[in-house]
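Asks: requesting a structural model of the entry that follows:
(2 chains)
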Amino acid sequence: MKSFSPLFDELQRALQVLPGVGPRSAQRMALNLIERTPREAKTLASVLDQALNEIGHCQRCYVLSETDECQICTDAKRDHTRLMVVESPGQLLAFERAGLHDGQYFVLNGLISPLDGVSPDEVRIPQLLGRVREGVDEVILALTSSVEGEATAHYIKSQCPGITLTRLARGIPMGGDIEALDPNTLELALGARERWS
Amino acid sequence: MTPGWVLHRRPYRESSALVEVLTADGRQRGVVRGQGKSSQLVAFMPLLIDWGPARDLRSLTRIEPMGPSVSLSGNPLLCGLYVNELCVRLLPQDEACPGLMADYGRTLGALRDGEIEPALRRFERALLAQLGFDFSVAATADGQPLEDDLRYWVHPESGPRLAPQTAAGAAFGRDLKRVQAQAFDDAGVLKLAKRLNRQRLNALLGDKPLQSRLLIQGANS
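Replies: Presented below is the predicted three-dimensional model:
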């Protein structure tokens, strides 16, 4: 196909970096930005630029932050002795949206995965251990229920002797149709059944 | 449908997964499309597979778990990952390995039951045999039978040869025979088997260390 603007082509290619965006959606987005909403597109460009320059990581919990320490870490009302370990900023946001955890967080950079060559150092385990050594009463492991999540949890446990570690329960999700569940989830749910009367 | 074991799954594109499986046809790799289908595949799971047409990257068009994955946690889980990493690193893709699936299943069962070291040594031996490194330590490199009370050095490729009887690091003939017979009732024999297997595996693995081995060492240090 003949190109009418090399810059437009470049914009289309650049938009495909977004998750779930292929060539067709990228073309629609690019046309929309330039033809229909040029003012908003300018705002988008400047906010994106500013965000990339100014957003970094909190030096304490590694969530995205514009300051050295994020608002959660500097909030005196939060319980500093309960530390929840999550594997991505998105998971932290899920807990914050639900408003269920009033302690602090530590955001890992993914999970340990030897078959993908991902070592403890690469997912910030040394930094986590440093944070734990500052003093906590409980470390809550809120990690994905997977082989990698299990390996990461075990490794953290091996490095935290004497620390109270808890982990999220695993089993049937709310509204989950038992008929459609995989055998692993069923096994976990049955194994973790509780006395009802 | 072909029976197999899931060795590893990694996310692929938006909602698919790239899966490594062990079947009688060898270590095989393919794509599983769809979030629901791909997310239920986890390492150590036995399953039945229908393959799509052969292309660069084949699809697993239909999968049916044959039960839950073998449930491992703690150190046995890390050892299971070691077994999987050995398979993924060393087994050539699509090269038949008919007996290995049964060895793999037995190994996972033993790991789950806490019988870790002997199970790992047996699996390493089976894998080495599959890769064509089934040399015997029952006789020396020049064909002499091993004597129980003499000491031998074992070279990873040429096999045992007689060592000076005061040599450090040389193994007694009787211990080598027990390694050969996989009679792992003695901690010393088990350690010797570990050393011999590791020599041979390291020669095949080259410079890139096994991440799972480093992880096990880190967790136990």
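Asks: mind giving me the packing neighbours of the helix or strand containing B:Tyr104?
Replies: Element membership for B:Tyr104 (DSSP states H and E) is helix B:100-112. Applying 3 or more CB pairs under 8 Å, 6 or more residues apart in numbering or on different chains; DSSP states H and E, we find helix B:100-112 packed against strand B:2-12, strand B:16-23, helix B:74-90, helix B:116-130. (Each C-beta comes from the backbone N, C-alpha and C, glycine too.)
Asks: now do that helix against helix B:116-130, angle only.
Replies: 170 degrees (axes from the mean of the first three to the mean of the last three CA atoms, to 10 degrees).
Asks: and helix B:100-112, what's its mean pLDDT?
Replies: Across helix B:100-112, pLDDT averages out at 95.
Asks: can you list the buried residues in it?
Replies: B:100-101, B:103-105, B:107-108, B:110-112 (16 or more other CB atoms under 10 Å in any protein chain shown).
Asks: picking up where we left off before, the helices and strands packed on helix B:100-112 into JSON lines, with extra columns for mean pLDDT?
Replies: Below are the helices and strands packed on helix B:100-112 laid out as JSON lines (pLDDT from 0 to 100):
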{"stretch": "strand B:2-12", "mean pLDDT": "92"}
{"stretch": "strand B:16-23", "mean pLDDT": "92"}
{"stretch": "helix B:74-90", "mean pLDDT": "96"}
{"stretch": "helix B:116-130", "mean pLDDT": "94"}
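Asks: output those in TSV; the columns should cover distance to A:Ile140 and mean neighbour count.
Replies: Listed next are those as TSV, based on distance: least, CB to CB, whole Å; neighbours: other CB atoms under 10 Å in any protein chain shown:
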stretch	distance to A:Ile140	mean neighbour count
strand B:2-12	25	19
strand B:16-23	28	21
helix B:74-90	19	21
helix B:116-130	29	20
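Asks: and chain B, which residues reach chain A?
Replies: B:7-8, B:10, B:14, B:20, B:40, B:42-45, B:65, B:67-69, B:71-75, B:77-78, B:81-82, B:84-85, B:88, B:210-212, B:214-215, B:218-220 (CB under 8 Å from any CB of the partner chain).
Asks: please, where are all the strands along chain A?
Replies: Under the criterion DSSP state E, strands of chain A are mapped to A:56-57, A:64-65, A:79-86, A:103-107, A:138-141, A:165-167.
Asks: could you say which of the ones you listed is packed most deeply?
Replies: Most buried of these by mean neighbour count (mean count of other CB atoms under 10 Å in any protein chain shown) is strand A:103-107; its value is a mean of 22.
Asks: in chain A, where's the longest helix?
Replies: For chain A, the helix with the greatest residue count under DSSP state H is helix A:38-54.
Asks: list the buried ones in that helix?
Replies: So, applying 16+ other CB under 10 Å, buried residues of helix A:38-54: A:Ala41.
Asks: what average pLDDT does it get?
Replies: 96.
Asks: number of nearby residues for B:Tyr152?
Replies: 22 (other CB atoms under 10 Å in any protein chain shown).
Asks: is it true that it touches B:Leu162?
Replies: Yes. Counting by CB atoms under 8 Å, B:Tyr152 touches B:Leu162, with 6.0 Å between them.
Asks: quick check: neighbours shared by the two?
Replies: Here B:Tyr152 and B:Leu162 have B:Thr140 as joint contacts, going by CB atoms under 8 Å, 6 or more residues apart in numbering or on different chains.
Asks: dump stretch A:16-33 to PDB, keeping only the CA atoms.
Replies: What follows is stretch A:16-33, C-alpha atoms only, in PDB (Å, rounded to 0.1, in the frame of the first residue of the first chain):
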ATOM      1  CA  GLN A  16       1.000  -0.900  18.400                       C
ATOM      2  CA  VAL A  17       3.200  -1.000  21.500                       C
ATOM      3  CA  LEU A  18       0.000  -0.800  23.500                       C
ATOM      4  CA  PRO A  19      -1.400  -4.200  24.700                       C
ATOM      5  CA  GLY A  20      -4.200  -5.500  22.500                       C
ATOM      6  CA  VAL A  21      -3.500  -3.000  19.700                       C
ATOM      7  CA  GLY A  22      -2.900  -4.400  16.200                       C
ATOM      8  CA  PRO A  23      -2.400  -2.600  12.900                       C
ATOM      9  CA  ARG A  24      -6.100  -1.900  12.300                       C
ATOM     10  CA  SER A  25      -6.800  -0.500  15.800                       C
ATOM     11  CA  ALA A  26      -3.600   1.500  15.600                       C
ATOM     12  CA  GLN A  27      -4.800   3.000  12.300                       C
ATOM     13  CA  ARG A  28      -8.200   3.900  13.800                       C
ATOM     14  CA  MET A  29      -6.500   5.500  16.800                       C
ATOM     15  CA  ALA A  30      -4.000   7.500  14.700                       C
ATOM     16  CA  LEU A  31      -6.800   8.800  12.400                       C
ATOM     17  CA  ASN A  32      -8.900   9.700  15.400                       C
ATOM     18  CA  LEU A  33      -6.100  11.500  17.200                       C
END
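Asks: contacts for that stretch?
Replies: So stretch A:16-33 is contacted by A:8, A:11-13, A:15, A:40-41, A:44, B:14 (CB under 8 Å, 6+ apart).
Asks: nearest to A:Arg82, of the residues you listed?
Replies: B:Glu14 (34.9 Å; CB to CB).
Asks: look up how far A:Arg97 lies from the residue nearest to the closest one when sequence neighbours are not counted.
Replies: Spatial nearest neighbour of B:Glu14, excluding adjacent residues (CB to CB, 6 or more residues apart in numbering or on different chains): A:Gly20 at 5.4 Å. Distance of A:Gly20 to A:Arg97, computed by CB to CB, to the nearest Å: 21 Å.
Asks: ok, now A:Leu188?
Replies: 25 Å.
Asks: more neighbours: which of those two?
Replies: Comparing A:Leu188 with A:Arg97 by neighbour count (other CB under 10 Å), the higher total belongs to A:Leu188, at 17 against 8.
Asks: wouldn't the more buried one be in contact with A:Gly171 here?
Replies: Yes. At 5.2 Å, A:Leu188 counts as touching A:Gly171 under the criterion of CB under 8 Å.
Asks: burial count for the residue lying closest to B:Ala163 once chain neighbours are set aside?
Replies: Spatial nearest neighbour of B:Ala163, chain neighbours left out: B:Ala170 (3.6 Å); criterion: CB to CB, 6+ apart. A total of 17 residues lie near B:Ala170 under the criterion other CB under 10 Å.
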